[in-house]
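[1] Quick check, what structure comes out for this input:
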Amino acid sequence: QPPRPAPAARPPMTSVFVFLNKLTSLWQYGLPECERKPSKVLLVHCHPCPKSYSSAIAESVVTGLQGAGHEVRSISLYRNSLHGTAEDRGPPGSAPFPPALTAPERAGYHTIALDGGGGGLSPEVREAAALLRWCDALVLVYPTWWFNVPGPLKGFFDRCLLPHVAFRLPEAKQGSSTSKATAKATATGLVPLLGNIEKVGVVTTYGAPRHVALLAGDSGRQMVSRALRPLFSPSCPMVWMGLHDVHGTTEAQRRRFLAEVEARFRRF
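    Presented below is the predicted three-dimensional model:
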């Protein structure tokens, strides 16, 4: 592939806003809009019901992104559709993305994707890893259950964000000091390998009101922001949109949120 063009330099205040966003993903003011046009965006959607409100949110994300000229590829974890779009709202497929880490995958966890070859990876993991390396931006759409991401999405992270795909351990090579080996590690202690991902977006729904989700820790949002984001570009901002107390909203409120999602991702 040809080398990626470098994005334009950000204004000083934009860098400040990104820094605040990294301190807390609740900070959404002043985040940079798309710096690379068109971008390649990977959408990962997780909901078992094809006609759910979550599916409608995914459609709004795709409509906004495509309306801005971006290329969108999507993974539907329950349909195991690696190339489908969020607009595909037919019945769920018979072979969803298996979320459970298998015994061979765990036994060979640190070497199964060594050197990027991925020969020992299952076909769905190998293709998902290729899409993660392909994209400039990653968008996750899911319902928040028990104040966290659904099980299949957590399983997707476990199986696909592997050593030598998403990160490597800061092991010292022969003849090098430990300090040099850890120089590129983030605060998580890992050396990120998905620096191609320059922006991450999350759109989720909650059954609980905002204050209850915050008091409970809002673990899903925190995991994406503090555990996953360090695997991406060092200056990666996180766009986050949440609809709280979704069961207590009116149809007009839900429609308005869909319009807000489409508008936000049109300038993502």
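
[2] Every contact and neighbour count from this point should use C-alpha atoms.
    OK.

[3] any idea how far residue 129 is from the closest residue to residue 128 other than its chain neighbours?
    On the basis of C-alpha to C-alpha, 6 or more residues apart in numbering, the spatially nearest residue to residue 128 that is not a chain neighbour turns out to be residue 160, at 6.8 Å. In this view, residue 160 and residue 129 are 6 Å apart by C-alpha to C-alpha, to the nearest Å.

[4] what helix or strand is residue 75 on?
    Here residue 75 sits within strand 71-76, counting by DSSP states H and E.

[5] That strand packs against which elements?
    strand 40-45, helix 53-67 (3 or more C-alpha pairs under 8 Å, 6 or more residues apart in numbering; DSSP states H and E).

[6] Highest mean neighbour count out of those?
    Across those, averaging neighbours per residue (mean count of other C-alpha atoms under 10 Å) puts strand 40-45 on top, at a mean of 24.

[7] Direction included, what does that one pair against?
    According to DSSP bridges, strand 40-45 forms sheet pairs with strand 71-76 (parallel), strand 137-144 (parallel).

[8] Next SSE downstream of the last one?
    Put plainly, it is strand 137-144. Scanning onward from strand 137-144 (DSSP H and E), the first element met is helix 151-160.

[9] residue ranges with poor pLDDT in the stretch 101-250 of the chain?
    Within the stretch 101-250 of the chain, the set of residues satisfying pLDDT under 70 comprises 115-119, 172-183.

[10] can you map out the strands along it?
    Along the stretch 101-250 of the chain, the segments classed as strands by DSSP state E, counting those that start in this stretch run 137-144, 167-168, 191-192, 199-206, 238-243.

[11] I'd like those as JSON lines, with mean neighbour count appended.
    Formatted as JSON lines, those follow (neighbours: other C-alpha atoms under 10 Å):
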{"stretch": "strand 137-144", "mean neighbour count": "23"}
{"stretch": "strand 167-168", "mean neighbour count": "19"}
{"stretch": "strand 191-192", "mean neighbour count": "24"}
{"stretch": "strand 199-206", "mean neighbour count": "22"}
{"stretch": "strand 238-243", "mean neighbour count": "21"}
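
[12] Any chance of the ones you listed in CSV with distance to residue 218 as columns?
    Putting the strands of the stretch 101-250 of the chain into CSV (distance: least, C-alpha to C-alpha, whole Å) gives the following:
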stretch, distance to residue 218
strand 137-144, 9
strand 167-168, 25
strand 191-192, 24
strand 199-206, 10
strand 238-243, 11
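
[13] circling back: out of the strands paired with strand 40-45, nearest to residue 202?
    Evaluated over the strands paired with strand 40-45, closeness to residue 202 peaks at strand 137-144, with 4.8 Å, by C-alpha to C-alpha.
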